[in-house]
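S.K.: Sequence and computational prediction follow.
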Amino acid sequence: MGFWKQSNFRKGVIIGVQDTGITPSHPSFSDEGMPPPEKWKGRCELVECNNKLIGARNFRNDEQGQAPLDQDGHSTHTASTTAGNFVQGASVFEDGVDVISISIGGASTPFYEDVIAVGAFGAILICKGQEVKDAGGAAMILMNDDLNKFSTLADPHVLPATHVSYTAGMNILNYINSTAKPTATILFEGTFSAPAMKSAIITTADRVTLDGLPILDETWSPSNVFAIGAGHVNPSKANDPGLVYDMQPDDYIPYLCSLGYTDDQVRVIVQQSVRCSNDTNIAEAELNYPSFSIVLGSTNRTYTWTVTNVGPANSSHTINIAAPPGVDISVTTNIIEFTEVKQNATFSVTFRLSWKTSALFVQVAQEVEDLPKSKEHEKSSLSTYIVHLKKPEGVFTQVVDLDGWYQSFLSFTSSQHRRIVYSYRNVITGFAAKLTAEEAEAMKRKEGIISARPEKVYSLHTTHSPNFLGLHQNSGVWNQSNYGKGVIIGLLDTGITPGHPSFSDEGMPPPPAKWKGKCEFATGCNNKLIGARNFAEDVAGPATDEEGHGTHTASTAGGNYVKGANVFGNANGTAVGMAPLAHLAMYKVCGEGCSESAILAAMDAAVEDGVDVLSLSLGGGSVPFFEDSIAVGAFTAIQKGIFVSCSAGNEGPLYGTLSNEAPWIFTVGASTIDRGIAATAKLGNGLTIDGESLFQPKDFPSTLLPLVYAGANGKASSAFCAPRSLRDVDVKGKVVLCERGGDIGRIDKGQEVKDNGGAAMILMNDKLNGFSTIADPHVLPATHVSFLAGLKIQDYINSTSEPTATILFKGTVIGNPSAPEVTSFSSRGPNRQSFGILKPDIIGPGVSILAAWPVSVENKTNTKSTFNMISGTSMSCPHLSGIAALLKSSHPDWSPAAIKSAIITTATLVNLGGKPIVDQTKAPADIFATGAGHVNPSKANDPGLIYDIQPDDYIAYLCGLNYTDEEVGTIVQRTVECSSESIIAEAELNYPSFSIILPESGSQTYTRTVTNVGPASSSYTYEVVAPTGVDISVQPDHIAFTAVNQKATYSVTFSRQKDVSLQFSQGLLTWISAQHNVTTPIVAIFA
């Protein structure tokens, strides 16, 4: 179906490939199902040519007389990519090709010296009805013979023409013989010239990824227009573009003349006599090209373009323009209308600079909208799709039965077993398979298929912290939980480093009998690291960590004790994970990215293996839960009693940037700890400014050095210390002030300073990151300071003709009373998929965290005790995963929801100094940054009351989100009829927090049920800190218990006050007994 079917799989088109040769016997060049060519005049120098490979010739002077065999592989690859048969092809114009494919090229040269450009220009001129044209004919109707019957070809004729079937031709002959004056014309619909084809592809290109985000480049930054051009090709859309920007070959002549080419140079290209003095030269940008590349100076520029309607005859289009920064754009008309196909319309666009910019270029995305909708090698057309199936009646007794059923859905191919990438047994009913878009569409129509969608690629969200969290040897929650003994933590990450001291099994008991997993390492697994498997399809071998991320997170969650752990001598002490006696199982899912299919496969295996906690320091964008593979897999996990902890994401501090928003997932944001690695900038005026750096050279002089601002030349790239930006800035021997941002890594900025002879770097934050600084392993003496501090340094530089500075390195400093602070990068709520559920749930340590690393960052070769200090919600997630393991060990009968409740209702809302937790601006952090607050493990182990939720309780909630029965069934893995469910509002879910959407009038009442897990005989009264603009009443005013696990229900009514101008406000509801404070956070969102 789709484009292939609409184009008849390009039947009858001849593609010429100029390359390294071909492998004639390859199955890709089989002629099974191929008709013989009609117009072909070429020849084959190979004995294996057929109806697929119809021509092959060797034009290399150094291989005269030899067959055109491919010794390199490049051309066999390109030919099969272009038109290979299912497991397509020629020479020069006189042979009769329709498309020329050339995957070779040289350096940029003038077009008249470029043999590819010259030859390509000829290709758009030479075609078939030349005889009719030479005899003065106006048009041609080409009828088939009896042999070819209905097989017609869309040829690039040199005059108006149409190719009709034998039967149609006989009808035309009969008409000619029936009248003395036969007449005819040809109506063209859907016949594209070469420029029209180009236009169709360019104007329909995709500019976003499968996740709906901008296409990125190799730096993971949004790609600019010089990298992607119009964007990524979308064949299906290109087949129906609506409008095209067409050009005739002669239209290029005034363009070529305008380039300053001589008459002879232009003639070389167009193969006809030319006098540029007789042509009306046009500016380059005046060519009717389907993109704009405008060179702007002080004067305005106006250009005119013509579009041709190739869509519905009656159609109307508006023009939407996203103007580049600093450019004003006006269009002569806002709407263009058509009444017939092939009708043209012209519009003019004026470009003017609105402000001066130091940027080299700016880019514009043009979109025409219908009013009535009338790495080295290119990837193949196969992509991985996640296929969700309706769960069948009964249970498959063996894995092979399930696999056989899955393969039955791939009836369109004889290689099903090679197409299926993963078969899922636990977390979803379905499989991941390599499919084309057309195959996926066909599959969606099959009985039993719920969905088949392209997989997404998720990204990673990349010790003193136990002491900071109140975890102490032989006391408190460590002692009470037996250090997490017997609990299995499964991690989905980049792999692990077996043999690292953090994964020693000294003092570790054997894994529990329930463990069914396996280890793919020949050596290295033991009673600590009990499982390791590789699910990353793009990385061969065992689950070895090549990145460091997985080793770091695993040791944070459950690493064993390692004395003398440090980086560059800093943060020296005993490194240990949150649950030192917990077992670890690593499921490698990340190579170049973290594929959705691999994540599902790993979760599927982890559920079957018997893990107790799943830790995922990765995620994607905000999507409906039924399209979120982590959410779908996590639901099955919690049904099995497995606690699932996920990172919130590193897209802060903007609102609504969360990942992993499902209420059955524990969503963790990031905060600082009270330890810093101090590096103080000392200025020539005596001012000292504290910052951070992990690299602390002992031999850096305390004497003042010249100080320079990298952006003093007015270039933004220099201000950011971007690569190659400081070549014309005198930084040699100086302390250089660089700005954070510009999509350049913090350490990379220092490398640019160092490469250009700079002595040291002061890195100042941008305004968005405020006071959030990070201790990085810089490549030169450096300190990272706040935005406000950076402004003070700039003021000092501007105040004197000879500014000076140095950096004083002070090492490890512990006891910062403002800790914890919410760091700037931590993603913020609200929960875009479910505003009635507060997210994030909690914050935990995620800044400058010391943990195990595969290699020495100090280039030491004589030790396995290697550590690194990195930051991210990736680091805060395993802290909470380990704490959840402690609670699971201490309370093995608690459900995942109960563990979550215990952590949320006992969270800390103040810092070590007893003041409200602040964010990167040093202002009190709001609830969408902190969630319930900062984790307090000791209190979480004895919460008094819990808010429990059973897996089936989520069904009424999911139906309340207006999901269809199938969408809910995709999540819960069984048949659901929402019409039979007692649907509840989001805020009615028994969640340990309240997120209430309040309209301008009316009140809302919600109930909660708490379970007593404290003393059997206990009584609680409530206290309320109402959100600003909200009245709250609670019934009853007290709750009492006489037994453990006894339940009590209360209700809360929320009423909006008049004249509230806030977007949201926050408060607390606390149930207080003699021994416990059980706090439920509240956020009121004003609609």
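M.R.: Great, that's in hand. If you're wondering where the values come from, they're calculated on a predicted model, not measured in any experiment.
S.K.: Without its sequence neighbours, what residue ends up closest to Gly169?
M.R.: Of all residues not flanking Gly169 in the chain, Met143 sits nearest, at 2.5 Å (CB to CB, 6 or more residues apart in numbering). (Each C-beta comes from the backbone N, C-alpha and C, glycine too.)
S.K.: Tell me how far the one you found lies from Pro35.
M.R.: Distance of Met143 to Pro35, given as CB to CB, to the nearest Å: 17 Å.
S.K.: Pick out whichever of those two has more residues nearby.
M.R.: Shown here are Met143 and Pro35; by other CB atoms under 10 Å, Met143 has more neighbours (18 against 11).
S.K.: who's in contact with that one?
M.R.: When contacts are counted by CB atoms under 8 Å, 6 or more residues apart in numbering, Met143 touches 164-166, 168-170, 172-173.
S.K.: Return the helix or strand in this protein with minimum mean pLDDT.
M.R.: Using mean pLDDT, DSSP states H and E, the weakest-scoring helix or strand in the chain turns out to be strand 365-370, at a mean of 32.
S.K.: State the next helix or strand along the chain beyond it.
M.R.: Per DSSP states H and E, the first helix or strand lying C-terminal to strand 365-370 is strand 383-389.
S.K.: need the helices for the stretch 101-250 of the chain, in chain order.
M.R.: 115-123, 130-134, 166-177, 194-203, 225-228, 235-238 (DSSP state H, counting those that start in this stretch).
S.K.: Highest mean neighbour count out of those helices?
M.R.: helix 194-203 (a mean of 20; mean count of other CB atoms under 10 Å).
S.K.: pLDDT (mean, whole number) over that helix?
M.R.: Helix 194-203 shows a mean pLDDT of 90 in the predicted model.
S.K.: Over to stretch 1047-1063?
M.R.: Mean pLDDT, stretch 1047-1063: 95.
S.K.: neighbouring contacts of it?
M.R.: 994, 996, 998-1012, 1022, 1028-1036, 1039-1041, 1069, 1084-1086.
S.K.: which of the residues you listed are buried?
M.R.: 994, 996, 998, 1004, 1006, 1008, 1010-1012, 1022, 1029-1030, 1032, 1034, 1039, 1041, 1069, 1084-1086 (16 or more other CB atoms under 10 Å).
S.K.: returning to what we had before: the helices of the stretch 101-250 of the chain: lowest mean pLDDT?
M.R.: helix 115-123 - the lowest mean pLDDT of those, at a mean of 57.
S.K.: Secondary structure element holding the closest residue in space to Leu780 that isn't next to it in sequence?
M.R.: The shortest distance from Leu780 to any non-neighbouring residue, by CB to CB, 6+ apart, is to Lys754 (4.5 Å). Taking DSSP H and E as the criterion, Lys754 maps to helix 746-755.
S.K.: hmm, back to that, may I see the helices of the stretch 101-250 of the chain organised as JSON lines, with distance to Gly430 added?
M.R.: Below are the helices of the stretch 101-250 of the chain laid out as JSON lines (distance: least, CB to CB, whole Å):
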{"stretch": "helix 115-123", "distance to Gly430": "46"}
{"stretch": "helix 130-134", "distance to Gly430": "57"}
{"stretch": "helix 166-177", "distance to Gly430": "47"}
{"stretch": "helix 194-203", "distance to Gly430": "34"}
{"stretch": "helix 225-228", "distance to Gly430": "33"}
{"stretch": "helix 235-238", "distance to Gly430": "24"}
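S.K.: what's the closest of the ones you listed to Leu763?
M.R.: Proximity to Leu763, assessed across these by CB to CB, is greatest for helix 225-228 (26.9 Å).
S.K.: chain center to that closest one, what's the gap?
M.R.: Relative to its parent chain, helix 225-228 has a centroid offset of 18 Å by CA atoms, centre = their mean, to the nearest Å.
S.K.: these two touch, right, Ala602 and Leu492?
M.R.: Yes - taking CB atoms under 8 Å as the definition, Ala602 is a contact partner of Leu492 at 5.1 Å.
S.K.: Pull up the overlap in contacts between these two.
M.R.: With CB under 8 Å, 6+ apart as the test, Ala602 and Leu492 both reach 587, 589.
S.K.: Settle it for me: which of those two has more neighbours?
M.R.: Ranked by neighbour count (other CB under 10 Å), Ala602 and Leu492 place Ala602 first, with 31 against 27.
S.K.: Could you pull up the residues touching the spatially closest residue to Lys444 that is not a sequence neighbour?
M.R.: Here the nearest residue to Lys444 in space, its sequence neighbours aside, is Ala452; by CB to CB, 6+ apart that works out to 5.3 Å. Residues in contact with Ala452 (CB under 8 Å, 6+ apart) are 385-388, 435, 440, 443-444.
S.K.: hang on, Ala452 is in a strand, isn't it?
M.R.: Yes - counting by DSSP: H, G, I helix; E, B strand; the rest coil, Ala452 is located in a strand.
S.K.: now it: how far from Ala442?
M.R.: 9 Å.
S.K.: Also Ile172?
M.R.: In terms of CB to CB, Ile172 sits 38 Å off from Ala442.
S.K.: Now Thr1070: which helix or strand?
M.R.: Assigned by DSSP H and E, Thr1070 falls in strand 1064-1072.
S.K.: The following helix or strand past that strand pairs with which strands, parallel or anti?
M.R.: Next helix or strand after strand 1064-1072 toward the C-terminus (DSSP H and E): strand 1077-1086. Note on strand 1077-1086: by DSSP bridges, its sheet partners are strand 994-998 (parallel), strand 1064-1072 (antiparallel).
S.K.: Same question for strand 1077-1086: list its buried residues.
M.R.: Quick answer for strand 1077-1086 (16+ other CB under 10 Å): 1078-1086.
S.K.: any idea where the strands of the stretch 601-750 of the chain begin and end?
M.R.: 613-616, 618-619, 643-647, 666-671, 675-683, 688-692, 705-709, 735-739 (DSSP state E, counting those that start in this stretch).
S.K.: now the longest one, how far from the chain's geometric center?
M.R.: Centre-to-centre, strand 675-683 and its host chain are 35 Å apart (CA atoms, centre = their mean).
S.K.: What of the first one?
M.R.: The chain centre lies 21 Å from the centre of strand 613-616; the measure is CA atoms, centre = their mean.
S.K.: Pairing partners for that strand, with directions?
M.R.: Here, using DSSP bridges, strand 613-616 pairs with strand 488-493 (parallel), strand 643-647 (parallel).
S.K.: now, of the ones you listed, which is deepest in the fold?
M.R.: Of all the strands paired with strand 613-616, strand 643-647 has the most neighbours on average by mean count of other CB under 10 Å, namely a mean of 31.
S.K.: pLDDT of it, averaged?
M.R.: If you average the pLDDT over strand 643-647, you get 97.
S.K.: In this structure Met764 contacts Leu737, no?
M.R.: Yes - using CB under 8 Å, Met764 is in contact with Leu737, at 6.3 Å.
S.K.: Quick check: neighbours shared by those two?
M.R.: Counting by CB under 8 Å, 6+ apart, the residues touching both Met764 and Leu737 are 790, 793-794.
S.K.: Need those in a markdown table (columns: distance to Ser938 and pLDDT).
M.R.: What follows is the shared contacts of Met764 and Leu737, written out as a markdown table (distance: CB to CB, whole Å; pLDDT from 0 to 100):
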| residue | distance to Ser938 | pLDDT |
| --- | --- | --- |
| Gly790 | 39 | 96 |
| Ile793 | 42 | 97 |
| Gln794 | 45 | 96 |
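S.K.: Which single one of the residues you listed is nearest to Ser381?
M.R.: Checking those one by one against Ser381 (CB to CB), the nearest turns out to be Gly790, at 49.4 Å.
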